Each structure stands twice: as C-alpha cells, then as structure tokens.
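# fold the following and give me the result.
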Amino acid sequence: MSLLDQLHGILDGAGVLTGGDMAAWSHDWTGQLNWTPLCVARPRSTAEVSAIVKAAYDARVPVVPVSGLTGLAGGGFGEGAVMLSLDRMTAVEEIRGPARLAVVQAGVILSDLHKAVEAEGLSFPMTFGARGSARIGGLLATNAGGSNVLRYGNTRDLVLGLEAVLADGRVVDLMSELHKNNTGYDLRHLLIGSEGTLGVITRAVLKLVPQPRAYATAMVATETLTGALEVLNRLQDMTGGAVEAFEYMPRRYMQSHAEMFPEAQQVFGTDHEINILIELGAIAPRDVTPGTDGQVPLSGYLEEVLGDLLEAGDVVDAVVAQNDAQRGAMWALREAAAEIALSRKPLVINDISVPLDKVEAFLTEADTQLAALDPQAQTSVVAHLGDGNVHYTVWFGDEALKDKVMETVEDVVLSLGGSFSAEHGIGLLKRSSMARRKDPVALDMMRAIKAALDPRGILNPGKLLPE
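Below you'll find the predicted structure:
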C-alpha cells in the first residue's frame with residue numbers, strides 16, 4: 001500500500017489534498033520560495049498526527065509541519081514532502097481563570113485565542129502583525145517574539161506544557177500545568193524553537209495574564225536612540241514596568257509608509273529622524289480609574305513624563321493617542337513593516353539582536369559597510385527597541401551580492417555581541433549563517449540531538465542545521 005493510500009485510510013475526505021488543492025501550501029508568504037509537496041495531510045487529532053508521522057517514518061518520506069505559513073525564514077519549504085497542516089486542530093480546550101492558563105490545540109489562530117481569553121478578562125500576551133493567520137504551533141516551533149516581548153517575554157516564557165509527536169509516531173506528554181517542575185532535562189524547551197525538526201507540537205498549556213483595563217499610547221520623536229532609551233527607562237521607573245511596547249521607526253521608514261499608504265493618517269506634522277511608538281498597559285484601579293477631569297491616570301503618567309522630557313529637550317515631539325482610532329492609526333503605522341520590507345527585490349530580511357545600548361552603533365556601522373559593498377543598497381528598518389531586536393531589511397541591486405550582504409550584516413552583529421536571528425528562526429534561508437557563525441561544538445550537540453530523536457531525518461529536513 002502506498003503512503004498516499006495509507007493517509008487516505010487515516011484521514012477523512014478533506015484530510016488529504018493533492019494537485020491544485022495544495023496551492024496554499026506550495027509557497028511561502030514572502031514569495032521567495034515555491035515547491036510541490038507530495039500531499040497535504042490535515043489531521044483533526046493528536047492520534048491522527050501520530051498515525052500520519054508513523055506512516056511517513058516507515059516509508060522514509062519527509063514530513064514538514066506547517067501552521068499559518070507566515071514565517072520569514074523558509075521553514076515551511078516542502079518539496080516532495082507530506083505537508084502536515086494543523087489547520088483543523090483549532091480547539092481552545094479549556095480556559096482556567098483562577099490558574100490563569102489555557103489548554104489549546106496547536107492549530108488555534110493567535111487572534112482567535114486573544115478573543116477567547118479576552119471574554120474571560122484575560123490575555124495571552126503575545127502579539128504581532130500576522131496574528132490573524134499565525135497559529136500556536138508555529139509560535140512554539142519558532143519561539144516567536146513580537147511587540148510586547150519587552151514586558152512578557154518570548155513565546156518560550158509563556159508556555160507551561162506541551163504535547164508533541166516524535167519522528168517515529170510516539171506521543172510525548174509534557175502537558176504540565178506547573179510553574180515549577182525540576183525533573184530532569186526540560187524537554188518542553190528543547191521542542192520550543194526547534195522548528196519542527198524534533199517533533200510536531202500538537203497541544204499546549206499556555207500562561208495567561210489579566211487583560212489590561214487601560215492603555216496609554218503615544219508617538220515620540222527623539223534626537224538619538226540613546227535619548228530614546230532614556231525615555232524608556234524613565235517610563236519604566238515611573239510606571240513600575242508598565243511599558244508593553246517600545247517600537248522604533250526611522251525617517252526612511254516613515255517616508256516609505258507615506259508613499260505606500262498615502263491615505264493613512266500621519267502622526268507628526270513634520271519628519272523626524274527617530275520615531276518611537278510607546279504603549280503602556282495597566283490593570284490596577286489607581287492607574288485605570290478616570291479622575292474628576294475624566295483623564296485615566298495611566299495617560300496622565302505618560303503625558304507627565306513626556307512633558308518633562310520635552311521641556312528638557314530630550315524629546316523633540318510627542319503625540320498621545322486620545323482615543324482608540326488614534327491608537328489604531330499608530331499601530332497600523334508600525335504593523336505595515338512586513339509589507340514595506342517585501343515591496344522591493346532582491347532583498348535580505350535580517351532579524352538581528354544586539355544589546356540595547358548598541359542598536360545605534362549597529363545601524364551606523366551596517367549602513368556604512370553596505371554602502372561600501374553596494375552603493376545601490378537601501379534599507380528598511382524597524383526595531384523592537386526595548387529588547388534590542390532590529391528588523392534590518394536590505395534591498396540591493398545585484399542578486400549575486402545576496403550572500404555577501406548577509407555576511408556583512410553578520411560581521412557587524414557579531415562584533416557587537418549580537419545574534420543573527422532574534423525571533424524569525426533559521427528555517428532554510430539562514431542555514432548558511434548557522435554554518436558561518438554558530439559555535440561548532442553547539443552545532444555538534446544539535447546534530448546529536450537531531451540524530452537521537454529523528455534517526456531517519458524525516459522531520460522538516462534541510463532546515464535549521466547546516467549540512
């Protein structure tokens with residue numbers, strides 16, 4: 001019996017797709033990669049995932065787990081593979097308010113989880129532009145970041161437990177609801193961030209936090225990035241760490257946005273070199289209960305700090321959102337970053353991190369070295385400035401320069417003690433970076449783990465680890 005015949009026996013009529021029905025699973029979101037899978041398998045349960053993977057393991061056929069296919073590193077490439085889509089495993093199985101946790105299947109879309117827990121007065125505090133299509137399994141597999149890592153951490157920090165199917169079809173139950181569990185190797189963290197190369201994550205226990213009862217949002221312009229960090233530190237001190245987002249957009253990005261979205265509301269009346277989106281969130285009654293003047297105290301804190309900084313000259317312009325529409329317009333400005341980055345080709349999407357106080361040095365040196373390499377090179381930059389993560393997209397004139405552009409940026413990053421991958425993962429497109437930059441002993445350890453858990457190499461082959 002062929003593998004396709006076996007899969008048809010495991011799954012219902014809509015569970016196995018072939019031919020033209022696979023179109024949505026045959027390219028990445030960036031448009032850089034295209035492929036032809038053997039088929040798309042769409043299970044409804046962990047038992048079906050196990051049966052699919054076991055059949056593929058016996059047949060020695062590659063399996064590529066996919067979620068929303070919104071990744072930027074080519075992790076979903078699956079030529080000739082069984083594309084294992086969890087898009088029908090979308091149950092929010094349980095929300096437990098007193099324990100502040102949710103039990104979910106891996107196919108749950110992030111924005112759907114947001115809505116489900118918000119109805120209980122809670123929040124799953126992970127958000128980014130692709131939240132309407134990204135699925136929980138993909139977040140876990142890549143250890144996704146986002147706009148509010150500054151306050152809540154990466155995905156890894158928001159997971160109590162998980163369940164996964166290993167390469168031979170066995171199911172490992174790590175569905176702990178405990179905050180402390182010191183019983184040997186932390187296999188949960190081994191699987192998180194492994195990009196589907198060690199197992200297929202099928203369910204998870206996620207941490208929840210109280211839904212903020214008030215937000216205060218502003219756009220601020222400063223003369224330097226060092227000055228912007230002073231704003232961040234002042235706000236953190238005054239609000240007890242209530243800063244949820246601190247996003248940097250330079251002049252060139254703002255100009256690109258205005259050109260691409262001419263109908264969009266412009267925040268400032270003039271161009272500034274450094275523009276920062278700030279958002280505070282609070283739940284305490286003292287911070288969210290409007291005063292006799294109708295103002296929410298949290299907004300008052302933000303206005304007070306910004307007023308002091310304007311008077312001192314540390315801030316050159318500031319606009320505080322007065323309603324949800326203004327807040328939405330500010331966020332729309334930042335969340336257009338991917339569209340702007342992908343508007344030109346050829347390109348290299350760099351997702352780097354450096355210490356917070358070295359972001360300015362990175363941008364200065366990287367711009368200088370790229371100009372020397374290719375006078376036609378231009379960049380599109382945004383940054384999660386509060387955690388040192390810079391999205392540094394390079395547009396260049398000659399496709400033959402692609403590897404050299406990547407190496408040039410890596411050289412600058414490594415000289416500053418940074419990382420060439422902050423939150424997008426390695427996938428297919430950054431394996432050369434792993435070969436050049438990752439400690440050889442660390443790579444040997446990773447290969448040993450891969451060989452132990454997937455001896456036939458069927459799980460997402462050709463990703464993460466260099467040849």
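# every contact and neighbour count from this point should use C-alpha atoms.
Fine.
# tell me the secondary structure for the residue lying closest to Ala337 once chain neighbours are set aside?
Of all residues not flanking Ala337 in the chain, Val382 sits nearest, at 7.1 Å (Cα to Cα, 6 or more residues apart in numbering). Under DSSP: H, G, I helix; E, B strand; the rest coil, the three-state class of Val382 is strand.
# who touches Val382 in this structure?
The contact partners of Val382, by Cα atoms under 8 Å, 6 or more residues apart in numbering, come to Glu247, Tyr248, Met249, Pro250, Tyr253, Arg334, Ala337, Val390, His391, Tyr392.
# just Ile201 next, same as before
Taking Cα under 8 Å, 6+ apart, one finds Ala106, Gly137, Leu140, Ala141, Leu162, Glu163, Ala164, Val165, Leu191 in contact with Ile201.
# filter the residues you listed to the buried ones?
When these are checked for burial by 16 or more other Cα atoms under 10 Å, the buried set is Ala106, Gly137, Leu140, Ala141, Leu162, Glu163, Ala164, Val165, Leu191.
# quick one, strands of the stretch 351-467 of the chain?
Remark: strands assigned in the stretch 351-467 of the chain by DSSP state E, counting those that start in this stretch are 378-384, 389-395.
# next, count neighbours for the closest residue to Glu120 other than its chain neighbours.
With Cα to Cα, 6+ apart as the criterion, Glu120 has its nearest non-adjacent residue at 7.1 Å, and that residue is Gly97. Close neighbours of Gly97, defined as other Cα atoms under 10 Å, add up to 15.
# just to revisit the earlier point, want to throw the contacts of Ile201 into TSV with distance to Ala204 and pLDDT?
Output for the contacts of Ile201, formatted as TSV (distance: Cα to Cα, whole Å; pLDDT from 0 to 100):
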residue	distance to Ala204	pLDDT
Ala106	7	98
Gly137	8	98
Leu140	9	98
Ala141	11	97
Leu162	4	98
Glu163	6	98
Ala164	9	98
Val165	12	98
Leu191	12	98
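# out of those residues, which are inside strands?
In this view, the contacts of Ile201 that belong to strands under DSSP state E are Leu162, Glu163, Ala164, Val165.
# and which of the residues you listed is nearest to Glu48?
Val165 (10.2 Å; Cα to Cα).
# let me know whether the closest one touches Val200 as I believe.
Yes: applying Cα atoms under 8 Å as the test, Val165 and Val200 come out as touching, 5.0 Å apart.
# one step back: nearest to Gln376, of the contacts of Val382?
Tyr392 (15.9 Å).
# my read is that that closest one contacts Gln378, right?
No: the criterion here is Cα under 8 Å, and Tyr392 misses it with Gln378 at 10.2 Å.
# before we move on, back to that, of the contacts of Val382, which belong to strands?
Mapping these onto strands (DSSP E) picks out Glu247, Tyr248, Met249, Pro250, Val390, His391, Tyr392.
# number of nearby residues for the fifth one?
Neighbours of Val390 under the rule other Cα under 10 Å: 25.
# and the closest residue to it other than its chain neighbours, what are its bridge partners?
Leaving aside its sequence neighbours, Val390 sits nearest to Ala383 (Cα to Cα, 6+ apart; 4.2 Å). Here Ala383 sits in beta bridges with Tyr248, Val390, going by DSSP bridges.
# tell me how far Leu140 lies from Val108.
12 Å (Cα to Cα, to the nearest Å).
# same check on Asn389?
Computed as Cα to Cα, the Asn389 to Val108 distance reads 26 Å.
# check Gly425 too.
The value you get for Gly425 to Val108, if Cα to Cα is used, is 20 Å.
# for Ile10, same thing?
Counting by Cα to Cα, the gap from Ile10 to Val108 is 22 Å.
# and for Pro375?
Taking Cα to Cα, one finds Pro375 at 45 Å from Val108.
# tell me where the stretch 101-250 of the chain has strands.
Going by DSSP E, counting those that start in this stretch, the stretch 101-250 of the chain shows strands at 101-105, 122-123, 159-165, 171-174, 200-207, 209-210, 214-222, 243-250.
# quick one: mean pLDDT for the longest one?
Averaging the model's pLDDT scores along strand 214-222 yields 97.
# over to the fifth one?
Per-region confidence: strand 200-207 scores 98 on mean pLDDT.
# export that strand as PDB, just CAs?
Provided in PDB are the C-alpha atoms of strand 200-207 (Å, rounded to 0.1, in the frame of the first residue of the first chain):
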ATOM      1  CA  VAL A 200       5.300  18.000  15.800                       C
ATOM      2  CA  ILE A 201       3.800  20.100  18.600                       C
ATOM      3  CA  THR A 202       0.100  19.300  18.800                       C
ATOM      4  CA  ARG A 203      -1.200  20.800  22.100                       C
ATOM      5  CA  ALA A 204       0.000  23.300  24.700                       C
ATOM      6  CA  VAL A 205      -0.700  24.700  28.100                       C
ATOM      7  CA  LEU A 206      -0.300  28.500  27.900                       C
ATOM      8  CA  LYS A 207       0.100  31.200  30.600                       C
END
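# partner strands of it, parallel or antiparallel?
Short version: by DSSP bridges, strand 200-207 pairs with strand 101-105 (antiparallel), strand 159-165 (antiparallel).
# of those, which is nearest Ala284?
strand 101-105 (20.5 Å).
# how about residues contacting stretch 126-145?
66-70, 105-112, 146-149, 152-156, 191-196, 201-203, 335-336, 423-425.
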